[in-house]
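[1] Can you look at this prediction? I've put the sequence above it.
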Amino acid sequence: MNAIATNSETIALLINLVQRPSVTPDDHGCQKLIADRLKALGFNIEHMRHHNVDNLWARLGTAEPVFVFAGHTDVVPTGDEAQWSMPPFSASIQDGYVYGRGAADMKGSVAAMVTAIERFVQSGQPIEGSLAVLLTSDEEGPAINGTKKVVEALHDRKEAIHYCVVGEPTSIDALGDTIKNGRRGSLSAKLVVRGKQGHVAYPHLADNPTHKSFKLLDELVSITWDEGDENFPATTLQISNINAGTGAGNVIPETLTVDFNLRYSPAINIGDIQSRVNELIEKHKISATIDWHDSAAPFLTPTGSLTNAMRAAVKSVVGVDASLDTGGGTSDGRFIAKTCPQVIEFGPLNATIHQTDERISCDDIDSLSSIYEKLLELILSAKEN
């Protein structure tokens, strides 16, 4: 192990986690490793496995308020490993960075959370409330049997969460510059336009669904859905897949299938979106069916005790004035926000996530752990309140 790793508990833990190829939904022992460390601190440990997904709920204390660190131990596939500068699960250190799949998204945050908790608990500071950790191995996948199931189980037994920090990589240019205090919703659709198959030499005997869809799709992607608001960027629509044809060059296709997704702000609701799309289909006199899938509702944590404490912790450790932001994709925060009034996301730089040669700065990972520790002092320490 590189000498830099032996000088940092956080980096050593990160290396151990990255070396476990925990591609969704295989946790590969990450949660047991973390559970054992938390159990040694006095945490009550619950392994909540749903189908093939491992989830961990660990809690220290029974009082309120309940502060939760949330995250995931699963990672996306590596892609072509030959394109990596070093093996993606080697957790090699080079030029001050830990390289490996999941280093930034989000095993770095998980490691920082654990070591921050260890220092905070071992300091013996009086705690006002309870401290908990929620981990899943299904965030990068379907997200059906992971955090969503744990939150539902906690709700059913009336176990509240008052504050939650999700360790997603939110920083853009420097560690601490961005805190996510909300996210837009995500609405997907599959549009199937019907025509009539035929020979390309006899178009009058067929009905080409691709030709009659061009104007529809052009108008669809040109819609201004809303202007957003003071907290959210405007709603956007992107086409992700288009498919038609049999593969033969002389056959007019019978159907055209279009997948598209909207990241929508609270300035518009799903009913309005669906109505506008249906009106557009009717306007162009197209025979079509459309299936909708709402995978995430928008949520917002207003400026308050948690955002203020997070910004103060960042400022104290790295001297950065963090901005609040609601852009980007979805996270498991959407499930937690249904029952928790204050949910934010904060973590390392996101510049290399899901990429070849994903990496995280050794300096940043140690600073991140210190930020999390300071946040715990501000939220839970009796002498700080």
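    Perfect, I can see it now. Numbers count the residues shown, from 1 in each chain.
[2] So Glu373 lies in a strand, does it not?
    No. Counting by DSSP: H, G, I helix; E, B strand; the rest coil, Glu373 is located in no strand; its state is helix.
[3] Tell me how many other residues surround the residue lying closest to it once chain neighbours are set aside.
    Leaving aside its sequence neighbours, Glu373 sits nearest to Ala116 (Cβ to Cβ, 6 or more residues apart in numbering; 4.0 Å). C-beta here means a position set from N, CA and C on the backbone, and glycine is covered the same way. By the criterion of other Cβ atoms under 10 Å, Ala116 has 22 neighbours.
[4] any idea of the mean pLDDT for the host helix or strand of Ala116?
    With elements taken from DSSP states H and E, the one containing Ala116 is helix 108-122. For helix 108-122, mean pLDDT rounds to 98.
[5] what's the spacing between it and its chain's center?
    20 Å (Cα atoms, centre = their mean, to the nearest Å).
[6] now Ala234: how far from Arg20?
    Note on Ala234: its distance to Arg20, by Cβ to Cβ, to the nearest Å, is 40 Å.
[7] what's the answer for Gly185, then?
    33 Å.
[8] Same check on Val193?
    45 Å.
[9] quick one, which of these two is more surrounded?
    Val193 (25 against 18).
[10] Would you verify that that one is located in a helix?
    No. The assignment for Val193, made by three-state DSSP, is strand rather than a helix.
[11] What's opposite it in the beta bridge?
    Leu256, Ala288 (DSSP bridges).
[12] Hmm, Ile290 and it touching each other?
    No. If you go by Cβ atoms under 8 Å, Val193 and Ile290 don't touch, sitting 9.5 Å apart.
[13] Check what contacts stretch 287-302 and list those residues.
    Contact partners of stretch 287-302, identified using Cβ atoms under 8 Å, 6 or more residues apart in numbering, comprise 143, 181-195, 231-232, 264-266, 270, 274, 277-278, 281, 307, 326, 330, 333-334, 337, 341-344.
[14] what do you get if the cut-off is 6 Å, keeping everything else the same?
    Contacts of stretch 287-302 with the rest of the structure, by Cβ atoms under 6 Å, 6 or more residues apart in numbering, involve 181-182, 184-194, 231, 266, 270, 281, 330, 334, 337, 342-344.
[15] Just these: which are in helices?
    270, 281, 334 (DSSP state H).
[16] Tell me the spacing between the last one and Gly167.
    For Arg334, the distance to Gly167 (Cβ to Cβ) stands at 15 Å.
[17] who has more neighbours, these two?
    Comparing Arg334 with Gly167 by other Cβ under 10 Å, the one with more neighbours is Gly167, at 26 against 22.
[18] Please report phi then psi for Leu237.
    Main-chain dihedrals, Leu237, degrees, to the nearest 10: phi -130, psi 130.
[19] That one touches Arg263, doesn't it?
    No. Using Cβ atoms under 6 Å, Leu237 is not in contact with Arg263, being 8.2 Å away.
[20] Could you check which of these two is surrounded by more residues?
    Set side by side, Leu237 and Arg263 show more neighbours around Arg263, with 22 against 18, by other Cβ under 10 Å.
[21] Nearest residue to that one in space, please, no chain neighbours.
    Arg184 (4.5 Å).
[22] Neighbours of that neighbour, how many?
    Neighbours of Arg184 using other Cβ under 10 Å come to 27.
[23] check contacts around it.
    Counted by Cβ under 6 Å, 6+ apart, Arg184 has contacts 232, 263-265, 298.
[24] run the last query once more with 10 Å
    Arg184 is in contact with 228, 232-236, 262-267, 296-300, 326-330, counting by Cβ atoms under 10 Å, 6 or more residues apart in numbering.
[25] One more: Asp177?
    So, once contact is read as Cβ under 10 Å, 6+ apart, Asp177 ends up touching 170-171, 314, 318, 320-323, 325, 349.
[26] In helices, which of those appear?
    Per DSSP H, helices hold the following members of the contacts of Asp177: 314, 318.
[27] from the contacts of Asp177, which is closest to Thr147?
    The shortest gap between Thr147 and any of the contacts of Asp177 belongs to Thr170, at 17.3 Å (Cβ to Cβ).
[28] Give the intersection of the neighbour lists for Val193 and Ile290.
    258, 281.
[29] Give me the buried stretch members for stretch 259-275, please.
    Neighbour-count burial for stretch 259-275 flags 260-268, 273 (criterion: 16 or more other Cβ atoms under 10 Å).
[30] got a markdown table for those, with pLDDT and distance to Lys39 too?
    As requested, those are arranged in a markdown table below (pLDDT from 0 to 100; distance: Cβ to Cβ, whole Å):
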| residue | pLDDT | distance to Lys39 |
| --- | --- | --- |
| Phe260 | 98 | 46 |
| Asn261 | 97 | 41 |
| Leu262 | 97 | 43 |
| Arg263 | 96 | 40 |
| Tyr264 | 95 | 42 |
| Ser265 | 92 | 42 |
| Pro266 | 92 | 41 |
| Ala267 | 92 | 46 |
| Ile268 | 94 | 46 |
| Ile273 | 98 | 47 |
